[in-house]
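1. quick one: sequence and predicted model below, then my questions.
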Amino acid sequence: MLREIRPAIVLLLVLTAITGLAYPLAMTAIAGAIFPAQAKGSLIEQDGKVVGSALIGQEFKDDKYFQGRPSATLAPDPNDSTKTVSAPYNAANSGGSNLGPTSKALADRLKEDVDRLKAENPNATVPVDLVTTSASGLDPDISPEAAQFQVPRVAKARNISEDQLRQLVASNTQGRLLGLLGEPRVNVLALNLALDRATAK
Amino acid sequence: MTMIGWLQIILFCAIIVALTKPLGWYMTRVFNGERTFLSPVLRPIEAGIYWFSGVDEKREQHWLTYTVAMLLFHVGGFLIIYGVMRLQAVLPFNPAGQGAVAEDLSFNTAISFITNTNWQNYGGESTISYLVQMVGLTHQNFLSAATGIALAVALIRGFSRASARTVGNFWVDVTRTTLYVLLPICVVYTLFLISQGMPQTLGDYVEATTLEGAKQTIAVGPVASQVAIKMLGTNGGGFFNANAAHPFENPTALSNFVQMLSIFVIGAAMTNVFGRMVGNQRQGWAILAVMGVLFIAGVAITYWAEADGTSTLHALGLTGGNMEGKEVRFGIVASSLFAVITTAASCGAVNAMHDSFTALGGMIPLINMQLGEIIIGGVGAGLYGMLLFVVLAIFVAGLMVGRTPEYVGKKIEAREVKMAMLAILVLPLMYLGWTAVGVVYPAAVASMANAGPHGFTEVLYAFTSATGNNGSAFAGLTGNTFFYNLTLASAMFVGRFFMIIPAMAIAGSLAAKKSIPPSAGTFPTTGGLFVGLVVGVILIIGGLTFFPALALGPIVEHLAMNAGQVF
C-alpha cells in the first residue's frame, strides 16, 4: 500500500494543475480571442458607459419604462452585517424567494401585486410572470403578455400611441428556438433601450 | 401541459438514447486501454504523467488497494480545497477581495466537492475567489467525477472477469477518464457555452449604471470552464448562488437544453459500457430501460404539477402554471424537466428554485434522490448504485424459484447480497436519522424558511440531497450554520463512501468467482420481465423506506394546499 502514497500526492498535484489551472486559463485566453463580448459578460455600453448586461435584468421603477419581474435578491444590511435587506436585481448576490406553495407570505405578496396591477390595467388579465419572482432574481426577460400588459401605462407616461408601443414590443419579442426550445420572451433592457431610441427621434 | 412541452421532453430522451451507443463504444476503448482517435495527442501526456507520478500502468490492483488509493486521493483533494478556501485572501485571482472562508463552511464545502455532492452552503459570487473556483472546485469537479467513473468500471470488471485477483489500476482509470473523456468534451463544451453568452474572464466585477441611474455590480468570472465540467461530471455546484438559473450560468434555451443533455450523457453511456464489457450490449439496454421507465414517470408528474399551479395562484386568477422561482426563458416545461434530470442524476444543479415548486412537483426530485440516484445517476455512481439494486432483484427472483441466482455469468451469493443491503440501508439511516434530529434541535429548527409541512420537507430534502451526493436544495433552509455545516458533511461522507466500499467489496468478490455459462435455468436479464422486476424491487424497497417521511412532508402539504390552507 505504501507505494500508492507517491501517486496519491504527485498525480493529484499534476491533475490539479491541468484541470484547475491550465484548462480554465487556456479557455479564458481562447474565449478572449474568439468570443470577447460574451466572455466579458455581454455588456451594453452607451456613450462609453456600461449601462448593464444584455443577459442580466435590472430594476425599473419609473412608469415610462417597461418593468421586469419582481426580484427577491438580497444585500447585507448596511446597519447590521449579520442581517440582509431586500435589494432587487442585485447582480452580485443572485437568488430566489424560496417561498413554498403553501406560504402565507407568498400568498400575501401575490395578492398585493395582483391588486396593484389590476388597478393599473383593469382591462387585461394579470400575467403570472409579472407577479412571481424568478429563480435568479436577475431574470432579464418577461413574457410577451407581460410586456403587452404594461403598454397602456408606458404609453400614458411617454405620451405616445399604444399601437406604436405594441409594434415595438412585437419587434423585440424572441420566439422559441427552432419553434421548439424555450419560451417566447421579451428582454426588458433591450426593449427599454429601443423605447428610449424611438422616443428620442 | 402543452404539446410543445412534450415534444421538448421526447427530443431530449431521443438524443440521450442516440448518444448512448457511440459514447459507450468510445469510453469502453478508453477503459480497456485501447487506442482512440485522440491517442496521438494525449498518449505522450498520459505516459509523462505516469512516469512523473511513479505509476506503473501495467500493474493492476486488488479491490482493497484500489479502494485505499481512491481514499488517499480524496484526502489530498480535501486538503487542497480546504487550504485554498482558508487562504484565499492572500492568494492570487481574487479581484473581488473575498476574505478567508470560515472553518466550518470550508470543511463542509471541501467534503461537498470531494464526494461529488457540491452542496452550496457558500454563495459563489459573494464568498469565494476565482482561484477557489478554479483550483478548488473546477479541479475537484473533474476528479470526483473521474473517481466515480473509475469505481463503476472496477465494479464492471468484477462482473466481466473470471477467477481474477485484480479489478484494474485506480490511477490509470482516473487519469484516462480525465484526459480522454472529460477534458476533450469540456473544451468543446466550454466554447459552446461562451458562444451562448456565458462569461469566461478573470476581470473584476463590472460596475454598471442602469437606465434609471442606479448602480449595479455585476458578478462575472471564469464561469464557462467550470459549468462545463459541473454538468458533464454531474457535480452541480454553481459558480453563482442561483446556479443554472443565473442568466450567466445558463443564458439561453439552447444552453439549457445542452446542459440537460450533458448531465445524462455519460451516465447513460455507462450502461452501454457495462453491456460491452460483460459481452452483451442488451444487458446494458435492459438497465437503461429500467432507468427510463422511472424517469418518464417522474417527468410526467412534476410537469403536470407545475403546469397545474397552486391554489394560491388559482384563487387570484393567475394562469400559466407555477412561475414562482422559475425563469421566463425556460418556462414550466424546461424547469420541470431540469429538476427531474438533476435529481435523477445526482447532479444537483438547478435552473429553478425547487423550494418554490408545488408540493407534488417538488416531491419527485426528493423521491429520485431517495431511491439512491440510480435513474442514470451520478457519473459512475449511478451505475454502481443501480447494480446494487440489480443484485437484490436477482436475489429476490432466485428466492422465488429456489435457485442460486446468477447475473451475467456470476453467482450472486450471501456476501454480495449482504454488501448490497449494507449500501442500501445506510442511506436512509443518514437522511431519516438526521432529519429527525433537524426537526427537533432548536438551532436547526431556526434554519427553516417556510412554516408548516414545507419546513419539514426543507430539512428532509437537505439531508436526502447530502446523503445522495446530489447537492440541490430547498434553498430557503439556511444551511450555513455550525449544525448544518457539520451534519450535512457527515451525511455526504457516509452517503458516498458507505456506498463505494461495499460496491468495491462486491467487485472484488465477483472478480474472484468463476464465470458460468448460461443454461436453460438461467433467468434472462435482458427482457421485459427483468426490467419489470428491477423497477418493482426499487419501488418497493424505496416506498417502504421513505413513504412515511413523504406523508409528513409533501403529501400532507398537497392536501393542505387543496383545502386552501396557508402557513
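-> Great, that's in hand. Predicted model, so just to flag it, every value in this text is computed and none were measured.
2. burial count for the one residue in the stretch 451-567 of chain B that gets nearest to chain A?
-> Taking CB to the nearest CB as the measure, the stretch 451-567 of chain B has B:Gly476 as its residue closest to chain A, at 3.2 Å. C-beta coordinates here come from the backbone N, C-alpha and C atoms, glycine included. As a burial measure, B:Gly476 scores 25 neighbours (other CB atoms under 10 Å in any protein chain shown).
3. let me know whether the least confident helix or strand in chain B by mean pLDDT sits next to chain A.
-> The least trusted helix or strand in chain B, going by mean pLDDT, DSSP states H and E, turns out to be helix B:124-127, with a mean of 80. Yes. Helix B:124-127 is in contact with chain A by CB under 8 Å from any CB of the partner chain, via B:Glu125, B:Ser126.
4. centre of the chain to that helix, how far?
-> How far helix B:124-127 lies from its chain's middle: 22 Å, per CA atoms, centre = their mean, to the nearest Å.
5. can you give me the helices in the stretch 151-300 of chain B?
-> Along the stretch 151-300 of chain B, the stretches classed as helices by DSSP state H, counting those that start in this stretch are B:170-176, B:183-195, B:223-232, B:253-277, B:281-308.
6. what sits against residue 106?
-> Unless you meant another one, I'm taking chain A. Counting by CB atoms under 8 Å, 6 or more residues apart in numbering or on different chains, A:Leu106 makes contact with A:Ser97, A:Leu99, A:Gly100, B:Thr312, B:Glu324, B:Ser356.
7. can you look at chain B instead?
-> Per CB under 8 Å, 6+ apart, neighbours of B:Ser106: B:Ile81, B:Tyr82, B:Met85, B:Arg86.
8. and the gap between it and B:Ala489?
-> Distance, B:Ser106 to B:Ala489, by CB to CB, to the nearest Å: 11 Å.
9. same check, this time on B:Thr138
-> Per CB to CB, B:Thr138 is found 21 Å from B:Ala489.
10. of those two, which one has the most company?
-> Taking neighbours as other CB under 10 Å, B:Thr138 and B:Ala489 compare with B:Thr138 leading, 29 against 22.
11. hmm, that one is touching A:Pro24, no?
-> Yes. Counting by CB atoms under 8 Å, A:Pro24 is a contact partner of B:Thr138 at 5.8 Å.
12. quick one, strands of chain A?
-> Along chain A, the stretches classed as strands by DSSP state E are A:43-46, A:49-53, A:74-77, A:80-86, A:141-142, A:173-174, A:185-187.
13. where does pLDDT dip in chain A?
-> Within chain A, the ranges that satisfy pLDDT under 70 run A:1, A:201.
14. ok, the closest residue to chain B within it - contacts?
-> Nearest to chain B, among the residues of chain A, is A:Gly182, at 2.5 Å (CB to the nearest CB). Neighbour list for A:Gly182: A:Arg176, B:Thr252, B:Ala253, B:Leu254, B:Asn256, B:Arg329, B:Phe330, B:Gly331, B:Ala334 [criterion: CB under 8 Å, 6+ apart].
15. domain-wise, how is chain A divided?
-> A:2-37, A:42-200 (automatic domain parsing).
16. pull the longest helix from chain A.
-> Longest helix in chain A by number of residues (criterion: DSSP state H): helix A:104-120.
17. output the below-cut-off pLDDT ranges for the stretch 151-300 of chain B.
-> Using pLDDT under 70, the stretch 151-300 of chain B has no residue that qualifies.
18. B:Gln88 against B:Gln98, yeah?
-> Yes. Under the criterion of CB under 8 Å, B:Gln88 makes contact with B:Gln98 at 5.9 Å.
19. can you pull the residues that touch both of the two?
-> B:Ile128, B:Ser129.
20. the more surrounded of these two?
-> More crowded of B:Gln88 and B:Gln98, by other CB under 10 Å: B:Gln88, with 26 against 18.
21. show me what contacts that one?
-> Counting by CB under 8 Å, 6+ apart, B:Gln88 makes contact with B:Asn94, B:Gln98, B:Gly99, B:Ala100, B:Val101, B:Ile128, B:Ser129, B:Leu131, B:Val132.
22. so B:Val181 touches B:Gly24, yeah?
-> No. Contact between B:Val181 and B:Gly24 fails when scored by CB under 8 Å: they sit 11.4 Å apart.
23. list the contacts of B:Met353.
-> So B:Met353 contacts A:Gly96, A:Ser97, A:Asn98, A:Ala135, B:Ala245, B:Glu324, B:Gly325, B:Lys326, B:Ala475 (CB under 8 Å, 6+ apart).
24. cutoff 7 Å now
-> Neighbouring residues of B:Met353 by CB atoms under 7 Å, 6 or more residues apart in numbering or on different chains: A:Gly96, A:Asn98, A:Ala135, B:Gly325, B:Ala475.
25. quick one: which of those is nearest to A:Val186?
-> Distances from the contacts of B:Met353 to A:Val186 were compared by CB to CB; the smallest belongs to A:Ala135, at 18.3 Å.
26. what's the neighbour count on the closest one?
-> Neighbours of A:Ala135 (other CB under 10 Å): 33.
27. can you tell me how far the closest residue to it other than its chain neighbours sits from A:Gly179?
-> In this structure, A:Ala135 finds its nearest non-sequential neighbour in B:Ala245, 3.4 Å apart by CB to CB, 6 or more residues apart in numbering or on different chains. Distance, B:Ala245 to A:Gly179, using CB to CB: 24 Å.
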